[in-house]
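> my questions concern the predicted model and sequence given below.
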Amino acid sequence: MAAKPLAELIDDCIAPVLAAQGFAGRAIVSLWPEIVGERLAARSRPLKIDWPRRRPAPGEATEPATMVVRVEGAFALEMQQLGPLVIERVNTHLGWRAVGKLVLKQGPVAAPVVAKPAPTLDGAAATRIDEQVSCVADEGLREALARLGRAVALSAKARGHDTAS
């Protein structure tokens, strides 16, 4: 069985949940900080998109959807003022006039998860690992063992263990 990228597996898992909230994909939810900016994203989250109930008649323009966004209470007034800009950015991201109205729901917004910087391996440890696997003749195996050695050394470093031995 061929390996699949993690993004494909995640899409398959969360697609039904996002579809139930009116999102065609995870782009708006996962790219919210890039769409609206870090400042707005820190105090708001897209909840769902309410699409019009009826289908347009032939030749009739499609009615845009309503996007529901959770906003921290004190930030709601500012977000209301920025609503047209948010709608414009979402529509620009989607590539068409999908959203025509923004509805704000006040409530707590979870703090964004801040990724910790990846630990780095010092040059001496990396050199030591490369020397330890240099006797392996098969290049693919040697590279795999070196990656494993670096991962083990980084894991030990993250836990605070000495990797000098």
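Yep, it's here. Residues are numbered from 1 along each chain as shown.
> in a strand, K101, correct?
Yes: remark: K101 belongs to a strand, assigned using DSSP: H, G, I helix; E, B strand; the rest coil.
> and the closest residue to it other than its chain neighbours, bridged to which residues?
Nearest residue to K101 in three dimensions, chain neighbours excluded: T66, at 4.4 Å (CB to CB, 6 or more residues apart in numbering). C-betas here are computed from N, CA, C, even on glycine. With DSSP bridges applied, T66 shows beta-bridge pairing to D50, K101.
> all strands of the chain, in order?
Ranges of strands in the chain, per DSSP state E, are 44-50, 65-71, 99-106.
> turn the ones you listed into TSV, columns for mean pLDDT and mean neighbour count.
As requested, the strands of the chain are exported to TSV (pLDDT from 0 to 100; neighbours: other CB atoms under 10 Å):
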stretch	mean pLDDT	mean neighbour count
strand 44-50	90	19
strand 65-71	93	20
strand 99-106	93	16
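> what distance do you get for the residue nearest to K101 to E78?
20 Å (CB to CB, to the nearest Å).
> do T127 as well
Applying CB to CB to T127 and E78 gives a distance of 53 Å.
> who's more crowded, those two?
Ranked by neighbour count (other CB atoms under 10 Å), T127 and E78 place E78 first, with 15 against 11.
> what lies in contact with stretch 126-141?
Defining contact as CB atoms under 8 Å, 6 or more residues apart in numbering, one finds that stretch 126-141 is touched by 142, 145-146, 149-150, 153.
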